[in-house]
Structures are given as structure tokens and as C-alpha cells.
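A.B. asks: fold the following.
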Amino acid sequence: MTDQPAAHALSPHPGTPCAAVQRLEVTLANAASGQAWHLRYELTGDLDRLRVPPASGQPSPKDGLWRHTCFEVFVGSAGSAAYREFNFSPSGDWAAYAFSVPRVRDAAAEPLPAPRSGLHARAAPPDAGGLAALVRPAPARRRWRAGRPQRRHRDPGRRPRLLGAAPPRRPPRLPRPRRLDRARTAPSPAHPMKTGLERFLDDPALHAPLQGRRVALLAHPASVTRGLAHSLDALAALPDLQLTAAFGPQHGLRGDKQDNMVESPDYTDPRLGIPVFSLYGDVRRPTEAMLDSFDVLLVDLQDLGCRIYTFITTLRYVLEAAARTGKAVWVLDRPNPAGRPVEGLTLHPGWESFVGAGPMPMRHGMTMGELGHWFIAHLGLRLEYRVIPMEGWRPDAAPGFGWPPERTWVNPSPNAANLSMARAYAGTVMLEGTTLSEGRGTTRPLELFGAPGLDTGRLLAGMRALAPEWLRGCVLRACWFEPTFHKHAGQLCAGMQIHVEDPAHYDHAAFRPWRLQALAFKALRAQAPSYPLWRDVAYEYEHGRLAIDLINGSPLLREWVDDPAAAPADLDALARADESAWIEERRPFLLY
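C.D. replies: Numbering: from 1, shown residues only. Below you'll find the model as predicted:
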């Protein structure tokens, strides 16, 4: 570094851009004495949209500065794994940390003197360094970071460079980065959509950073390539990947368990000889022994786009465990087959459970990789997190509207049999909290509902009279079915099937499965006030609260159904407020 000031433009992290920031520039120079650095961070943008802490009356060293907008610098010597991290807050507070290797504190390091002012740090001229910033938008409480996108800590094995820095000239105005360019690539027969797994397998540069690190995989039966090879087998075939463990969520790594609250044991993979840990057995969160088996956890889970689907809760739990223990989590992203629509009531505080990972509506409209970013921001976690995004995913394109029509459907869970189920699931999953059959024990589970003696003609007429607009986008067909197991096993049920497969009558924008199913409950209650609709049994190991309330994240839906004076407009007003708020909250985290 010379004595002349040099300006460097920091680039936004591709996974967590911030629309409020137009430019972020750092000017560096040596002090005349040669014994200190002068750093000037200049941020241009809509400052009213950022979380900027007020000035501190007495600047002092403080932890947790990353919870608001702050600026960082990493210094070290080439060839050494040790380095220092400095955090500078606009408030004037600061923090300095010494690490012997990435993420491991050096308790024996000599403390540095306090900076002369809030944004000037005193340090010996380093041989290698890096610049970064954490910019937090005010409404969404999320992380924005500039620098090397794959991980925040300095890589001592690289040549001295400025992390994320442009050549020392006046930087151009940064565009508003809200989507990854590669994710906008339109699929074609010559260039079909690729999942994060497939991109990871095809591009050695994506898995090169994992050399020398122990890798585990969290997957299920739908974790497959386009050629239908399971991700565990495909990853094990990579010669430069050290696969040391695997994890299975609810229903198991290979899909061995059929129903809820049927647990999977740990075992050893017979071919690879690695441990396979169950996160739906004795524990739901990884134990210390499980965490000791890897350095980086790859998450390859096909989701259904619904809050109650437990794979997103498992993602939250592993992120929390990784943040606590210094582990890394990489998500190999996959499509949300339900697409981008948002619907339902937001989960209320105190209603978190294994089927309620956080305050979001029933149908969240995000991918697993995007949800990971949201969980990290929402929970205030600090960890190495990376998303390997899809290429060519078009969530608004017909006829799939989230699911690429050329892809083979593999059940992510035993009763998720096809795309129709995925589209209807945000509504039909509520049937699990009722005495009505959701079709378990039939060939079309969670696409139909019914019970012995149900008057389907009268029920449909009542639904149309109450809220005909809630029936749009699909066709309801009266049907008969006899479950072979589960509710009403061996009994003939009258019911209705929700048809959303034919483009002639499926309207993706108009179809609202949560409202549709709620309307069916309301019409049934109006016709039979004493009907024993709500199921009072343990649900996902929760006792003392009704399953329908756990599913919806509050009693509001049930109370609306049971209140004779409550109209569809009342529920619609509650839901619309939650849906609008979520659409804005999720916006900064969307990658596609």
C-alpha cells in the first residue's frame, strides 16, 4: 500500500443485495508516520431505509455492532492463518478481534490500542487485508455485505488483495442488484433449468472451496439430479469432496417413513460407510456429536412452499446450530413448486413449533436458499452461509408456475405425490387438524377431502353462496373414496377433489388454496353447527393446543370458522394485511 489515498468500490454480496445502497466506497491511505491506516467509508444511497445507530456519547468497544450498519476491515500477513478483524460503527463504537485461524479466537493475542476516532484504526501495516461492510435495511432487518461473496473471513492462502475491491479509480454507480443474473437465464431445450445441486456437480469452481473440509449432506428422496441420481451418490462420486456424514429430515434420507410422528433411526450407509443421522428421531436439532462430524453442511431439500412443511423448520434448526458452533451451511437451491404467490395468516409470537418455523404466512413463495437468508436476518445469526442458486428458474412461467415441466416429480415426502398436491397443499394441509379425511390412504392424498355422510352438493352450494371469488382458479369435483388407512379407514367417504392440473381451468394467480379450504370449513360449520370438525389429538408432539391452531400459527382461523357472525370479508382483511407485509419483508431476499 502506498501513502497516496486509493479509492476502492465494494461490491454487494450476490446473495444479499441491498436496494437502498447505490455506492459504497472506501478510501485507504497510510498515515504519515507509517504506523497507522486511515480509512474513510463513504456510503451513497437512501439512508432513511438503513438501520444506522445514533451517535454514541462515549465511543467504546462493543460487541454485536453487526446488528446495525457497520464497516469492517480484516488484516493479516500472507502465508499466515492468523488475522485481525475490526468493526467500526457510525455511532463511533468499535470492536477488534484476533483470530488464530478463521473463526477461532486467539486468546493470547496482544490487545490493540483504541482507535483515535470512530472510523480510524491504528495498526501495523499489514501484508494482506480485506474490506467489508454490513448494511442493514431498516424495515427488513437483514444483512448486506460487500466483499468476497463466498465467505466473510479472510483466506490466508491467497495473494494479498483487497476483498471485493475494484481498481483504484472513481467507481461507477452500482446498479440496483435484486436478482442474480444467472437466475434470470431462460431455460430452453438446449439449456434446461439447473438446480443448485446440478450446478455444484458440473462446475468444479463451486466445490473447490470445500477442498480439505469435511462435508455432510442433508437430503431426502427428492434430492436427485435430472438423471434421477440421488445427491448423496452424486456427491460421493466427486473425487475432491470429503463426504463424512449425511442427515435425513422427517420421513428419512431415503423416504422410509409414511406418516407424521413416525420416527427414523440413525444408521450407517451400507455403501459409503458414513453415519446417517436422523433429524426426526430422538432429536429434531443436531446434537454436538452430529455437528462434530462435518465442517460444512450441504442442504439439498425439495420444499413445497408452505410454512407447515417441516423441512424449512429443519433448515432453521441447522442454521442455529451452525451459528452456535462455527459450522458452515450451503444450500443447493431448488424450485418452489407452488411459485411466488403469498397467502394465509402470519404465525403469531408464541406459536412457533416444528410446523411453524417463523412469522410468515402459510404460503411463503420463497425457495430454501432464500428462506435461509431470511432466517439468518430474522434470528440475527452469524455464520458462513452460501446459496448455490439455480440457473434458469422462472417461477412465473406457464405451465409450471414454479415447477419446470420437463422435470420428473419425485415425492419429497410420501404423500406429496405430484404437482397438483403441491399447489393445493397450503389449504389441504389444514385438513390434518380436522376430522375430515385429507385423502391419506388413497392415491390422491392432500388433493381431496371428505367424510362419511357428507352432503357435497349442499357443501359446494354453501361455499359458492358465501364467497364465490374464493373458488376461482380451480375446479372442485364431487367424488367418493375409501381410505385404506388413516382417518375413516375402510369407510366410504363423500368428498371433493381439487383439480389444478389442466391449464384450461387452472389460474395460477387466482387460485387461493388456503382461502378455498377455509371456505369449506365455514360452509360446513354453517350447515352443521354441532359437527365435530376440529381434531383434538397430539400434533407433531404438541399437546394442549388444537392441531388446527398449530397449523395456522394462531387460533384466528378456527375462531373465524366457529363465529356465525364472521364473514369471509373479515378473514380476508386479516389475511391481506399479513400477505402484504410479508411480500415487502421477503423482497430483499429474493434471488430470482
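
A.B. asks: can you tell me the centre-most residue of this protein?
C.D. replies: Against the mean C-alpha coordinate of the chain, by CA atoms, centre = their mean, the closest residue is L371 at 1.7 Å.

A.B. asks: nearest spatial neighbour of that residue, skipping sequence neighbours?
C.D. replies: Closest residue to L371 apart from its sequence neighbours, by CB to CB, 6 or more residues apart in numbering: I312 at 5.7 Å. (Glycine included, C-beta is placed from N, CA and C.)

A.B. asks: tell me where the model's unsure across the stretch 451-592 of the chain.
C.D. replies: 541 (pLDDT under 70).

A.B. asks: which parts of it are helices?
C.D. replies: Using DSSP state H, counting those that start in this stretch, the helices found in the stretch 451-592 of the chain span residues 456-466, 513-527, 547-552, 556-562, 568-586.

A.B. asks: can you check which of those gets nearest to A216?
C.D. replies: helix 568-586 (28.2 Å; CB to CB).

A.B. asks: angle of the closest one against helix 513-527?
C.D. replies: Between helix 568-586 and helix 513-527, the angle comes out at 160 degrees (axes from the mean of the first three to the mean of the last three CA atoms, to 10 degrees).

A.B. asks: run through who's touching helix 568-586.
C.D. replies: 139-140, 342-346, 360-361, 364-366, 370, 374, 466-467, 470, 514-515, 518-519, 522, 556-557, 560 (CB atoms under 8 Å, 6 or more residues apart in numbering).

A.B. asks: can I get that helix as CSV, trimmed to CA atoms?
C.D. replies: Output of helix 568-586 as CSV, limited to C-alpha atoms (Å, rounded to 0.1, in the frame of the first residue of the first chain):
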residue,chain,number,x,y,z
PRO,A,568,-65.4,-14.0,4.5
ALA,A,569,-64.5,-10.4,4.3
ASP,A,570,-63.4,-10.4,7.9
LEU,A,571,-60.9,-13.2,7.3
ASP,A,572,-59.8,-11.7,4.0
ALA,A,573,-59.0,-8.4,5.7
LEU,A,574,-56.8,-10.1,8.3
ALA,A,575,-55.0,-12.2,5.7
ARG,A,576,-54.5,-9.4,3.2
ALA,A,577,-52.7,-7.3,5.8
ASP,A,578,-50.4,-10.2,6.6
GLU,A,579,-49.8,-11.1,3.0
SER,A,580,-48.9,-7.5,2.0
ALA,A,581,-46.5,-7.2,4.9
TRP,A,582,-44.7,-10.5,4.0
ILE,A,583,-44.4,-9.5,0.3
GLU,A,584,-42.5,-6.4,1.4
GLU,A,585,-40.4,-8.3,4.1
ARG,A,586,-39.3,-11.0,1.8
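
A.B. asks: run the chain-centre distance for that helix.
C.D. replies: Computed by CA atoms, centre = their mean, to the nearest Å, the chain-centroid distance of helix 568-586 equals 20 Å.

A.B. asks: any idea of the angle that helix forms with helix 456-466?
C.D. replies: Helix 568-586 and helix 456-466 are oriented at 70 degrees to each other (the same axes, to 10 degrees).

A.B. asks: now helix 568-586: buried residues?
C.D. replies: The neighbour-count check on helix 568-586 (16 or more other CB atoms under 10 Å) flags P568, L571, D572, L574, A575, D578, E579, A581, W582, E585, R586 as buried.

A.B. asks: can you give me the end-to-end distance of stretch 252-267?
C.D. replies: Separation of the first and last residues of stretch 252-267 by CA to CA, to the nearest Å is 11 Å.

A.B. asks: if you could redo that for stretch 395-403, that was the one I meant.
C.D. replies: End-to-end distance of stretch 395-403 (CA to CA): 7 Å.

A.B. asks: so which of the helices of the stretch 451-592 of the chain is nearest V73?
C.D. replies: helix 568-586 (31.0 Å).

A.B. asks: rewinding a little: which strands and helices sit next to the helix or strand containing the residue nearest to L371?
C.D. replies: Using DSSP states H and E, I312 maps to helix 311-325. The criterion is 3 or more CB pairs under 8 Å, 6 or more residues apart in numbering; DSSP states H and E, and the helices and strands that helix 311-325 contacts are helix 288-291, strand 296-300, strand 328-332, helix 368-379.

A.B. asks: export these to CSV and tack on distance to L533 and mean pLDDT?
C.D. replies: Listed next are the helices and strands packed on helix 311-325 as CSV, based on distance: least, CB to CB, whole Å; pLDDT from 0 to 100:
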stretch, distance to L533, mean pLDDT
helix 288-291, 40, 96
strand 296-300, 37, 98
strand 328-332, 38, 98
helix 368-379, 32, 97
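
A.B. asks: so which of those gets nearest L24?
C.D. replies: When the helices and strands packed on helix 311-325 are compared by CB to CB, helix 368-379 sits nearest L24, at 18.6 Å.

A.B. asks: what residues does the closest one touch?
C.D. replies: For helix 368-379, the external contacting residues (CB under 8 Å, 6+ apart) are 15-16, 140-143, 196, 299, 301, 303, 311-312, 315-316, 319-320, 323, 329, 331, 333-334, 357-359, 364, 366, 381, 383, 385, 387-389, 585-586, 589-591.

A.B. asks: and it with strand 328-332, angle?
C.D. replies: Note on geometry: by the same axes, to 10 degrees, helix 368-379 and strand 328-332 are set 140 degrees apart in direction.

A.B. asks: what about helix 368-379, distance to the chain center?
C.D. replies: Chain-centre distance of helix 368-379: 5 Å, with CA atoms, centre = their mean.

A.B. asks: how close does Y385 sit to Q497?
C.D. replies: Counting by CB to CB, to the nearest Å, the gap between Y385 and Q497 amounts to 41 Å.

A.B. asks: which one of these two has more residues nearby?
C.D. replies: A side-by-side neighbour count of Y385 and Q497, using other CB atoms under 10 Å, places Y385 first with 23 against 20.

A.B. asks: the more buried one should be in a helix, yeah?
C.D. replies: No: per DSSP: H, G, I helix; E, B strand; the rest coil, Y385 lies outside any helix segment and is strand.

A.B. asks: what's the closest non-adjacent residue to it?
C.D. replies: Of all residues not flanking Y385 in the chain, V329 sits nearest, at 5.4 Å (CB to CB, 6+ apart).

A.B. asks: how close does that neighbour sit to L210?
C.D. replies: As for V329, its distance to L210 is 12 Å (criterion: CB to CB).

A.B. asks: so which of the two has more stuff around it?
C.D. replies: Neighbour count, other CB under 10 Å: between V329 and L210, V329 has more, with 23 against 20.

A.B. asks: tell me what the more buried one is bridged to.
C.D. replies: L297, Y385 (DSSP bridges).

A.B. asks: tell me the contacts of it?
C.D. replies: V296, L297, V299, V318, L319, A322, G372, L383, E384, Y385, R386.

A.B. asks: tell me the buried residues in stretch 505-514?
C.D. replies: Judged by neighbour count (16+ other CB under 10 Å), stretch 505-514 contains these buried residues: Y506, H508, F511, R512, P513, W514.

A.B. asks: okay, those residues in JSON lines with distance to A426 next?
C.D. replies: Listed next are the buried residues of stretch 505-514 as JSON lines, based on distance: CB to CB, whole Å:
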{"residue": "Y506", "distance to A426": "15"}
{"residue": "H508", "distance to A426": "13"}
{"residue": "F511", "distance to A426": "10"}
{"residue": "R512", "distance to A426": "9"}
{"residue": "P513", "distance to A426": "5"}
{"residue": "W514", "distance to A426": "5"}
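
A.B. asks: now the two most distant members of the residues you listed.
C.D. replies: Across the buried residues of stretch 505-514, no pair lies farther apart than Y506 and W514, at 16.4 Å, counting by CB to CB.

A.B. asks: out of the buried residues of helix 568-586, the closest to A237 would be?
C.D. replies: Closest approach to A237 among these (CB to CB): R586, at 35.8 Å.

A.B. asks: gap between that closest one and S91?
C.D. replies: For R586, the distance to S91 (CB to CB) stands at 29 Å.

A.B. asks: coming back round to it: redo the helices of the stretch 451-592 of the chain as TSV? Include distance to R40.
C.D. replies: Output for those, formatted as TSV (distance: least, CB to CB, whole Å):
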stretch	distance to R40
helix 456-466	63
helix 513-527	51
helix 547-552	51
helix 556-562	51
helix 568-586	33
